[in-house]
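Peer 1: Sharing a model prediction with you, sequence too.
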Amino acid sequence: MPANLTPDYERAEEKYRSAATDEDKLDALREMFSTIPKHKGTEKLQADLKRKMSQLRHTVARKPAKTADPFHVPRTGAGQVVLIGPPNTGKSALVARTTHAPAKIADYPFTTALPLPGMCHWEDVQIELVDTPPITPEHLPGGMLGIIRSANIVAIVVDASADPLEETEVILELLRSRGLTLKTIAHTEMDPSDFNTLSAMIVANKADVAEDSTLATLKELYAGRLEVWPVSATTGQGLDKWIARFWQLLSLVRVYTKQPGHASDKGKPFTLPLGSTIDDLAREIHRELPEKMKFARIWGNGRFAGQQVHRTEVLHDGDQVEIHE
Ligand SMILES: Nc1nc2c(ncn2[C@@H]2O[C@H](COP(=O)(O)OP(=O)(O)OP(=O)(O)O)[C@@H](O)[C@H]2O)c(=O)[nH]1
Ligand SMILES: [Mg+2]
């Protein structure tokens, strides 16, 4: 171990080693990351910690909830996108249009009372969308902050045919007053020890009845901070590109496993954070598989077909992998 690690870091590392649950491990890793001296000599270690954290965040988030709290929506699929916003902007209409969730849509405000998840598709990946009750400065349902904080991506849905600038500012200010900053940032670019910056975007819904000049002003105002996605739940315009953007922001790779001598399990990829290795994939398949694994073979992305690779081999989107025990 390099001599320049602090006692705080070493304590956190000890905590990591003795952690019994994934949640405790993640806590310890966060502590290690915040106490590690940030200089060139620890860069590799920092990168390693980041990778472990994003891996564990993935696993922890997928565990089923212990309680029946309706504001706890367990994550399924490759990532969770939470739609938030003022009343009547079309959050439910967007979820109903892009998933099979029976979201209730009505032309009056405060229609949605509880969060409702649904799955949308991007290529062969499923991404979870969550419809939520409206928020206003006077009305922020208990539990909404928890949902927002734990989302992989926060989509602020505003009504582009009304006053989307004002609506966006109200929501951003509401969250700012709770210590949260929203910006369009890919997950690979995020600082894992900063829990108050969330990956987000503005969804300018009802683009079918909006003025072009309003959309242009909105884009200009948030340029460099928050992307604006003009869409319409009614006509469907802009929705495919919007959903494709989720995949990019989530910064994941798809990996297809295969049995020796068989074709790969096409269409059912494992999704792992960018930078994940064969070892990470094995752990995702089964907790004890990394220890049991003897070697792996890989197909795709410039390797020889079936090339034998080390457990530290970094995976690329579309790789096919055979694990040998
Ligand atoms: N023209 C147009 N109308 C839309 C669009 N999306 C939703 N609407 C209409 O806007 C109204 C509100 O839609 P909802 O989906 O219920 O809005 P919401 O944001 O879920 O509302 P709350 O649950 O009250 O927060 C309904 O009358 C929808 O038909 C759209 O893209 N274009
Ligand atoms: Mg609704």
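Peer 2: It's in. Ligands and ions are numbered 1, 2, ... in the order given.
Peer 1: Does the nearest residue to Lys206 once chain neighbours are set aside belong to a helix, a strand or coil?
Peer 2: Closest residue to Lys206 apart from its sequence neighbours, by CB to CB, 6 or more residues apart in numbering: Ser161 at 4.4 Å. All C-beta spots, glycine's among them, are computed from the backbone N, C-alpha and C. Following DSSP: H, G, I helix; E, B strand; the rest coil, the label given to Ser161 is coil.
Peer 1: Return the residues in contact with Ser161.
Peer 2: Ser161 sits next to Lys206, Val209, Ala210, Glu211 when contact means CB atoms under 8 Å, 6 or more residues apart in numbering.
Peer 1: Likewise for Ser251?
Peer 2: Ala186, His187, Thr188, Pro273, Leu274.
Peer 1: Which member of the contacts of Ser161 is positioned nearest Thr112?
Peer 2: Lys206 (16.6 Å; CB to CB).
Peer 1: In this structure the closest one contacts Lys91, no?
Peer 2: No. Look at Lys206 against Lys91 with CB atoms under 8 Å: they stay out of range, at 11.5 Å.
Peer 1: Need the phi and psi values for the closest residue to Thr188 other than its chain neighbours.
Peer 2: Nearest residue to Thr188, sequence neighbours excluded (CB to CB, 6+ apart): Ser251, at 4.2 Å. Backbone torsions for Ser251, taken as degrees, to the nearest 10, come to phi 50, psi 60.
Peer 1: Now do the buried residues in the helix or strand harbouring Leu281.
Peer 2: For Leu281, the host element (DSSP states H and E) is helix 278-285. For helix 278-285, a neighbour-count test (16 or more other CB atoms under 10 Å) marks Ile278, Asp279, Asp280, Leu281, Ala282, Arg283, Glu284 as buried.
Peer 1: Out of those, the closest to ligand 2 would be?
Peer 2: Glu284 (34.4 Å; CB to the ion).
Peer 1: Would you check that that closest one makes contact with Pro269?
Peer 2: No. Counting by CB under 8 Å, Pro269 is not a contact partner of Glu284; they are 11.1 Å apart.
Peer 1: So which residues on the chain come close to ligand 1?
Peer 2: 87-93, 105-107, 109-112, 134, 205-206, 208-209, 232-234 (CB under 6 Å from any ligand atom).
Peer 1: now with 8 Å?
Peer 2: Neighbours of ligand 1 within the chain, by CB under 8 Å from any ligand atom: 85-96, 103-112, 131, 133-134, 157, 159, 161, 205-209, 231-235.
Peer 1: Can you select the buried ones among these for me in ChimeraX?
Peer 2: Typed into ChimeraX, the line below selects the buried ones among those, using 16+ other CB under 10 Å:
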select :85,86,87,88,89,90,91,92,93,94,95,96,103,105,111,112,131,133,134,157,159,161,205,206,207,208,231,232,233
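Peer 1: After the top helix by length along the chain, which helix or strand is next? Please name it.
Peer 2: Determined from DSSP state H, the single longest helix within the chain is helix 43-62. Moving toward the C-terminus from helix 43-62, the next helix or strand (DSSP H and E) is strand 80-84.
Peer 1: mind giving me TSV with the buried residues of helix 278-285 and columns for distance to Lys50 and pLDDT?
Peer 2: TSV is the format used below for the buried residues of helix 278-285 (distance: CB to CB, whole Å; pLDDT from 0 to 100):
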residue	distance to Lys50	pLDDT
Ile278	18	96
Asp279	15	95
Asp280	13	95
Leu281	18	95
Ala282	20	94
Arg283	16	92
Glu284	17	90
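Peer 1: bridging residues for the residue nearest to Ala305 when sequence neighbours are not counted?
Peer 2: The shortest distance from Ala305 to any non-neighbouring residue, by CB to CB, 6+ apart, is to Trp299 (5.4 Å). As for beta bridges, Trp299 partners with Gln320 under DSSP bridges.
Peer 1: Work out which residue lies at the spatial centre of the protein.
Peer 2: In the chain, the residue lying closest to the centroid (CA atoms, centre = their mean) is Asn152, at 2.8 Å.
Peer 1: What count of nearby residues applies to the closest residue to that residue other than its chain neighbours?
Peer 2: Using CB to CB, 6+ apart and skipping residues adjacent in sequence, the residue nearest Asn152 is Gly79, 4.0 Å away. Residues lying near Gly79 (other CB atoms under 10 Å) number 25.
Peer 1: can you pull the contacts of Gly79?
Peer 2: Ile127, Glu128, Asn152, Ile153, Phe246, Leu250, Leu252, Thr271.
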